[in-house]
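Colleague: everything below, folded, please.
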Amino acid sequence: MTYQANPKFSIPVTRTAHPKTRPADDSLSFGTVFTDHIFVMDYEEGKGWHDPRIIPYEAFSLDPASSVLHYAQAVFDGLKAFRGKDGEVRLFRPRKHAERLNKSCERLCIPELDVELVLESFRRLVDVDRDWVPSKAGTSLYLRPTVIANENFLGVRPAKAYTYFLILSPVGPYYAEGINPVKILAADEYVRAVPGGLGAAKTAANYAASLYGAEVAKKAGYTQVLWLDGVQHKYLDEVGTMNIMVKIGDEIVTPALNGAILAGVTRDSILTLMRDWGLKVSERAISIDEVIEASKKGTLAEMWGTGTAAVVSPVGELGYKGQKIIINGGKTGELTQKLYDAIVGIQYGQTNDAHGWTEPVVKG
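Modeller: Purely as a prediction, here's the structure:
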């Protein structure tokens, strides 16, 4: 389905007088280069969200008393635009991301955004900077919508002023390994989130809580950390910034959304595809002991992470309490590869998009 600019919204565009040099596709890493423009919108109590605009990319000026710097009232989301071989630029499940951004806002007492306006910010900014969408396979344009509190005060309460902004970054693979299997270390000492906390929202504080454990895993020679639940330290939670899935025998298991786990858009897409294919899929609690036992029995077939940045990331080795568990001989599993190919094929417009997940970005 093709979308035209929504005439309901007046969004002035001020184009940069100093365009940047776009990097070559082969040189792209993840999240280090940004495009020429930014979408910005403001909120004031009593006035609501107002003044949506696209302006040249520039630094923000924040007062030292700005509440986001003290109380971390900040949320974000992340999605991608892809350039297909036909030259068409497509967004992948943008509405799902806009809706999730609002859920994160609700959790942090940030005023609700108009989902249609958020979607329009995606479309319009990608259109303005569409020349930045790379073409090489495995590359894309990453969208980072963010909301921060910017009222100047010291006091623990929801702020009365906010800024919504959207920036774009042409990116290569999230992990240098690409689709090659990664090594992960199960954390039984550090906690990412607990039910009733911030784990189900994309908040700055939620990700800050994950940094130390991730660094410990990297120093031990692992790519990422496998988070266990924050109460009993035994049930699988997430892996790094991704949802986790395990194939044991003929059953694919992923942790149920229990308030501590992010409702991943890629997670939802992959669950949908596997059910379309008639596979046995369970959303339930799964313990690290169950995974280890399956490995001993020879029924632990595959393990992978899912997320917007990496899409699908196979796990070749799992470390836990001094044990090293090799999964599928340290190679990418058949189902893992099939899922990756299926999602990527849809994103780049190469295969049938049966669920209508992609949205072409129309030239304005």
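Colleague: what are the contacting residues of the helix or strand containing Leu91?
Modeller: Using DSSP states H and E, Leu91 falls within strand 89-92. By CB atoms under 8 Å, 6 or more residues apart in numbering, the residues outside strand 89-92 that reach it are 79-84, 122-123, 126, 130, 133, 141, 143, 265, 346-349, 357-361. In this view, the C-beta of every residue, glycine as well, is placed from N, C-alpha and C.
Colleague: run the last query once more with 10 Å
Modeller: Contacts with strand 89-92, where a contact means CB atoms under 10 Å, 6 or more residues apart in numbering, come from 3, 79-84, 97, 119, 122-123, 126-127, 130-131, 133, 140-141, 143, 265-266, 269, 308, 311, 343-344, 346-349, 353, 357-363.
Colleague: same thing with stretch 271-282?
Modeller: 243, 245-256, 264, 270, 283, 306, 335, 338-339, 342-343, 346, 354-355, 357.
Colleague: now stretch 27-34
Modeller: 20-23, 57, 78, 129, 132, 134, 136, 138-140, 142, 144, 167-176, 309-310.
Colleague: next: stretch 55-64.
Modeller: 12-20, 34-40, 66, 68-70, 129, 148, 150-153, 163, 165, 167-168.
Colleague: mind listing which of the contacts of stretch 27-34 are in strands?
Modeller: Ser140, Tyr142, Arg144, Ile167, Leu168, Ser169, Pro170, Val171 (DSSP state E).
Colleague: may I ask which two of the residues you listed are separated the most?
Modeller: The span of the ones in strands among the contacts of stretch 27-34, defined through CB to CB, is set by Ser140 and Ile167 at 14.5 Å.
Colleague: filter the contacts of stretch 271-282 down to the buried ones.
Modeller: Among these, those classed as buried by 16 or more other CB atoms under 10 Å are 243, 245-248, 251-255, 264, 270, 306, 335, 339, 342-343, 346, 357.
Colleague: which parts of the stretch 1-150 of the chain are strands?
Modeller: Assigned by DSSP state E, counting those that start in this stretch, the stretch 1-150 of the chain shows strands spanning 37-44, 48-56, 74-76, 79-83, 89-92, 140-149.
Colleague: closest one to Gly196 among those?
Modeller: Nearest of the strands of the stretch 1-150 of the chain (CB to CB): strand 74-76, 17.4 Å.
Colleague: ok so, going back, chain center to the strand holding Leu91: distance?
Modeller: 15 Å (CA atoms, centre = their mean, to the nearest Å).
Colleague: and stretch 187-200, by the same measure?
Modeller: On CA atoms, centre = their mean, the centre of stretch 187-200 falls 18 Å from that of its chain.
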